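Colleague: Structure for the following, please:
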Amino acid sequence: METALSSLATILPLAADDSEFHAPSLADFFPPAVLFEGTPFEINRIMIVRFIATAALIIIITLAAKRAKLVPGRGQVIIEMVVNFARKGIAEEILGEKLGRKYAPIITTILFSVFFLNITGVVPFLNIAGTSVIGLPLIFALWVFALYLIDAVRALGVGGFLKGQLFPPGVPKFVYIVLTPVEFLQVFLLRPATLTIRLFANMMAGHLLLALCFSATSFLFLHAAGGLKVLGVVTFAGGVAFFLLEVFVAALQAYVFAILTAVYLQMAIEPDH
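Modeller: Okay, the predicted model is just below:
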């Protein structure tokens, strides 16, 4: 289905005498500046989406905390379920009860933050995920990586950490010539890189698919010639399907990021596991 939809961007302009169809492109992720153009503090549409998502998260959590009741309402129940899932289902499940309680606030913050920044991709008038450009996923990944390094050094010392990561026990010494550089790349490059790329690539792909489907739907209904208008039903159905899929992916990627955070912290503190 994705292959069929991607081909629409090429063939749709042929459906009308004037090319009214504008396919989504990478330019969607680099909109013009709104404020402070040419400075390190430049603000564009995606930054505004990030501000809105962050403000929404802070407001919702603050109101939920202030209005918490002994007999919770629906909103409080949902938030408490997610918080308990982050604490028990992720933090304590991977790190154990003691360490899980210690790191639960960090893991919960990552779970909520990544989800809210992901879900803006399907919110009307926002229509793009705050994590669909590499900068923000990279910041999250570096935050997790910094926690990993700091806690590993605290637990093992610099020498113990490097020895455990770069020179795995039970391996013949001559193998270290090849294994140690590989382990170095894995620890210091691949872990933060995979965290970053997994998140932003999924959200970028989701935006492109949704934009293609609904742009094609609008074009086919309004500008296509003759019987080609019927194809608009197909692209609309594809858009609805990808909309639902994108909601699922937004939650899934937040969960994956949170659980990998817990795994990396567990590897830092208990490298033998």
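
Colleague: what are the ranges of the helices in the stretch 1-150 of the chain?
Modeller: 2-11, 45-66, 74-84, 93-95, 97-119, 135-166 (DSSP state H, counting those that start in this stretch).

Colleague: contacting residues around the shortest one?
Modeller: Under the criterion CB atoms under 8 Å, 6 or more residues apart in numbering, residues G100, K102, Y103, I259, A262, V263, L265, Q266, I269 lie in contact with helix 93-95. (C-beta placed from N, C-alpha, C; glycine too.)

Colleague: Try it again at 10 Å.
Modeller: 85, 87, 100-104, 107, 259-267, 269-270, 273 (CB atoms under 10 Å, 6 or more residues apart in numbering).

Colleague: so the residue nearest the centre of the chain, which of the three states?
Modeller: Central residue of the chain (CA atoms, centre = their mean): L199, 3.7 Å from the mean position. What DSSP: H, G, I helix; E, B strand; the rest coil gives for L199 is helix.

Colleague: neighbours around the nearest residue to it once chain neighbours are set aside, how many?
Modeller: Leaving aside its sequence neighbours, L199 sits nearest to P137 (CB to CB, 6 or more residues apart in numbering; 4.2 Å). Counted with other CB atoms under 10 Å, the burial measure for P137 works out to 28 neighbours.

Colleague: Could you pull up the residues touching P137?
Modeller: Contacts of P137 (CB under 10 Å, 6+ apart): 114, 117, 129-131, 192, 195-204, 253, 257.

Colleague: for L210, phi and psi?
Modeller: phi -60, psi -50 (degrees, to the nearest 10).

Colleague: how close does it get to V82?
Modeller: Computed with CB to CB, to the nearest Å, the distance linking L210 and V82 is 25 Å.

Colleague: If you count surrounding residues, which of the two has more?
Modeller: Shown here are L210 and V82; by other CB under 10 Å, L210 has more neighbours (22 against 17).

Colleague: if I pick the residue lying closest to I43 once chain neighbours are set aside, what's in contact with it?
Modeller: Take I43 and drop its neighbours on the chain: the residue closest to it by CB to CB, 6+ apart is L35, 4.3 Å away. Contacts for L35 (CB under 10 Å, 6+ apart) come out as F41, E42, I43, N44, M47, I48.

Colleague: Any quick PyMOL command for the buried ones out of these?
Modeller: This is the PyMOL syntax for the buried subset of these, where burial follows 16 or more other CB atoms under 10 Å:
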select buried, resi 44+47
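
Colleague: burial count for the nearest residue to L156 once chain neighbours are set aside?
Modeller: Counting by CB to CB, 6+ apart, L156 lies nearest to G164, which is 6.4 Å off, once chain neighbours are set aside. If you count neighbours by other CB under 10 Å, G164 ends up with 18.

Colleague: can you check V77 too?
Modeller: Neighbour tally, V77, other CB under 10 Å: 10.

Colleague: Which among the contacts of helix 93-95 count as buried?
Modeller: Counted by 16+ other CB under 10 Å, these give 85, 87, 100, 103-104, 107, 259-267, 269 as buried.

Colleague: Which of those sits closest to L26?
Modeller: L260 (26.7 Å; CB to CB).

Colleague: Any chance of the backbone angles for the closest one?
Modeller: Dihedral angles (degrees, to the nearest 10) for L260: phi -70, psi -30.

Colleague: If anything else comes up later, I'll come back, but that's it for now.
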